[in-house]
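Visitor: Task: produce atomic coordinates for the following.
(one chain, ligands or ions: 2)
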Amino acid sequence: MNASSYQDHFERAALDPDAFWLEQAARIRWFQPPRQGHAEAASGGQAWFSDGELNTAWLALDAQVEAGRGEQAALIHDSPVTGVVQTLSYAELTERVARMAGALAGLGVGRGDRVVIYMPMVPEAVIGMLACARLGAIHSVVFGGFAPHELAVRIDDARPRVILSASCGIEVDRVIAYKPLLDAALERARHAPRAAVILQRPQARAELLAGRDHDWAALEAAAAPADPVPVRGSDPLYILYTSGTTGKPKGVVRDNGGHAVAMHYSMEVVYGMRPGEVFWAASDVGWVVGHSYIVYAPLIYGCTTLLYEGKPVRTPDAGAFWRVIDQHRVNAMFTAPTAFRAIRKEDPDGERMAGHDLSCLKRLFLAGERLDPPTYEWLKQRTGLPVLDHWWQTETGWAIACNPVGLESFPEKPGSATKPTPGFQVEILDPDGQPCRPGQQGAVCVRQPLPPGCLLGIWGDPERFRLGYLETYPGYYLSGDGGYMDEEGDVFVMGRMDDVINVAGHRLSTGEMEEIVAAHPAVAECAVFGVADELKGQLPLGLVVLKDGCGQTADEVCAELVARVRAQVGAVACFRRAVVVQRLPKTRSGKILRRALRDLADGQNVEVPSTIDDPAILAEIRTRLDRGSGGDA
Ligand code: COA
Ligand code: AMP
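Guide: Numbers count the residues shown, from 1 in each chain. Ligands and ions are numbered 1, 2, ... in the order given. Below you'll find the model as predicted:
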């Protein structure tokens, strides 16, 4: 890259996006280089590089081998829960992906077909994703912590030809059998995939259903390697479902060409990496962080990526991250602040860092939720390293705001994600669509067009994309987050403005939980919202009004509600608290006052809205919450 400044990149990307991004596109390898920049896609998003042809898996693997990286480690699987550390070189990973692509082709998977992947953090999850990409098929990875109901909803929406899964995952010391969850999901789903391919793990073997289920190892071993299939730049690479404001998750569609260009650019500009270095995103392949920065970006850029099957604590202790950084000579690490809050809680003085040589580590990157200043300060003090917050979403696939260290480093401001990334013209708008003053909070928006790498649309639902993101402020993408910019143009993202919450860096919908709670026969009405939590950032809380004469005690109902949400969404929802109240505060027009409820539950001063129908309700709810009874589950 030329020695150019942030300002230069930002301005060029804003003034002539096509010229700027075609220049960046020329830095990756295509089968047919694009000449077109962006155009509006039928799905509502921007189609970038439609006339270009490439294959993302070839770019991430074969092209690296051709460039002389065959012997370099591509993927290190570090699994404290099984005691295994395994390294796959670029040559080995290429070979396994080509074979698995052959296996999938043998099951009838071809260009444009969908494949759902429901797997723990094992190399085969990455191999499965890249094998799909090699065939021009579209993968849809579902996070392993989701329950069968969630998996079934995604299966019905994506209509996969094949499902890839494993016999089990391991949560610290608990073996979680995945196959019964998969079977339950397939029973519920209306769509029936042709085949399921199951990785048998020694911790729990699964029973395979003759005619539908295949043993992964046998299938891969017997397959002939498949060649990469050229696809157009704007063809979909994957669908990743994320929580919206209702129970129906949104299938964010990502393209091949724009994504590859954005991934490559971001490794350099956002993360300041060099090919050959080791990058560790401590997340899960089921989230966007895993897609972008465990799998695609590090490989497309020629780095070594680390796949960590463990937790920040308890596997075995709060020194796990420092051990991994030292052992694998990690150069940059990325995780969610909640992970470091968990470490700080167990090891406040950082004693577990002792004995580890962390000199390899250049920078720490945090995202997924707001980096709260105390966690920032702790990390800064303990490591003395650049601690860089950056803000992004499943929809954008890479950072909307960051400290662009590959171009220049700006001073770190606790609580700020720093500057809009080149390509993202961030503006803060008030409810009338007017620009906010510096320091004034509003809706964080991005002026159209979005740069390469952002969503092409919502799978099968262009209208939802238009209504949810584009309609509120014409000409802008609505992020759903609220925040402000200061006098120096630094971005501060304060939290969601809708029914999405962030629990331990996991994005969840309170709207969906509310639908589940409301469906209980004893519940007359309810509100589920996020309350502040020291460790996980937010936790959902349900306030419930029971039907008169429902025949159940408050405690019974609350316990059932907790069990229902866990069964339908999954353990990851962390819905552990429901409280029965007499009434919910509403405006005179009947709208529940969620903001007041949240402030109340957070123990903050509640500004009693003038529109409230009966102010005494708030005092009653506070008493219930303080008592911690009245149906606390
Ligand atoms: N498969 C099955 N179950 C899973 C799971 C998976 N992949 N991931 C989480 N769960 C379960 C957990 O076991 C837990 O179950 P429990 O209620 O029976 O104890 C529940 O879901 C809640 O999980 P979580 O919120 O992750 O809590 P935790 O106590 O296990 O771990 C943290 C807390 C902070 C250590 C952990 O969430 C973490 O490391 N988060 C940061 C990293 C991250 O993944 N960020 C994502 C985006 S960057
Ligand atoms: P996800 O789509 O799961 O990546 O979640 C995206 C949401 O997480 C954003 O809309 C924000 O609400 C929140 N988020 C992610 N990164 C940050 C950050 N650095 N600061 C504040 N909020 C963040």
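
Visitor: Give me the sheet partners of whichever strand or helix holds residue 524 and which way each runs.
Guide: Counting by DSSP states H and E, the element that carries residue 524 is strand 523-533. The strands beside strand 523-533 in its sheet (DSSP bridges) come out as strand 537-546 (antiparallel).

Visitor: now the helix or strand following the strand it pairs with against strand 537-546, angle please.
Guide: Downstream of strand 537-546, the first helix or strand assigned by DSSP H and E is helix 554-568. For helix 554-568 against strand 537-546, the angle by axes from the mean of the first three to the mean of the last three C-alpha atoms, to 10 degrees is 130 degrees.

Visitor: Mind listing what's buried along helix 554-568?
Guide: 554, 557-562, 564-566, 568 (16 or more other C-beta atoms under 10 Å). Backbone N, C-alpha and C define where each C-beta goes, glycine included.

Visitor: Of all pairs in these, which one spans the longest distance?
Guide: The distance between the two most remote of the buried residues of helix 554-568 (C-beta to C-beta) is 21.2 Å, for 554 and 568.

Visitor: Give me the domain ranges for the chain.
Guide: Domain assignment for the chain, taken from automatic domain parsing, gives 6-424, 504-627.

Visitor: mind checking which of the ones you listed is nearest residue 430?
Guide: domain 504-627 (17.2 Å).

Visitor: Now do the closest one, average pLDDT.
Guide: Taken as a whole, domain 504-627 has an average pLDDT of 92.

Visitor: Get me the contact residues on the stretch 1-150 of the chain for ligand 1.
Guide: For the stretch 1-150 of the chain, the residues in contact with ligand 1 (C-beta under 6 Å from any ligand atom) are 144-145.

Visitor: Listing request: residues of the stretch 51-200 of the chain with sub-threshold pLDDT.
Guide: Residues of the stretch 51-200 of the chain that meet the criterion pLDDT under 70 are absent altogether.

Visitor: Please list the residues of it that sit near ligand 2.
Guide: Residues of the stretch 51-200 of the chain lying near ligand 2 (C-beta under 6 Å from any ligand atom): none found.

Visitor: Tell me where the stretch 51-200 of the chain has strands.
Guide: 53-54, 73-79, 84-89, 114-118, 138-141, 162-166, 168-171, 174-177, 195-199 (DSSP state E, counting those that start in this stretch).

Visitor: Tabulate those in a markdown table, adding columns for mean neighbour count.
Guide: Listed next are those as a markdown table, based on neighbours: other C-beta atoms under 10 Å:
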| stretch | mean neighbour count |
| --- | --- |
| strand 53-54 | 22 |
| strand 73-79 | 22 |
| strand 84-89 | 15 |
| strand 114-118 | 27 |
| strand 138-141 | 26 |
| strand 162-166 | 27 |
| strand 168-171 | 21 |
| strand 174-177 | 14 |
| strand 195-199 | 24 |
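
Visitor: ok, residue 209 - how many residues close by?
Guide: 13 (other C-beta atoms under 10 Å).

Visitor: Please apply the same query to the one 10 residues further on.
Guide: Neighbourhood size, residue 219 [other C-beta under 10 Å]: 19.

Visitor: Same question for the one 4 residues further on.
Guide: Other residues near residue 223 number 19, with proximity taken as other C-beta under 10 Å.

Visitor: Then residue 13?
Guide: Neighbour number of residue 13 under other C-beta under 10 Å is 22.

Visitor: Can you give me the distance of it to residue 358?
Guide: 35 Å (C-beta to C-beta, to the nearest Å).

Visitor: Residue 265 sits in which helix or strand?
Guide: Using DSSP H and E, residue 265 sits in helix 257-269.

Visitor: How about residue 24?
Guide: helix 17-25.

Visitor: which residue ranges form the helices in the stretch 151-300 of the chain?
Guide: 179-188, 216-222, 257-269, 288-290, 297-300 (DSSP state H, counting those that start in this stretch).

Visitor: Thanks a lot, catch you later.
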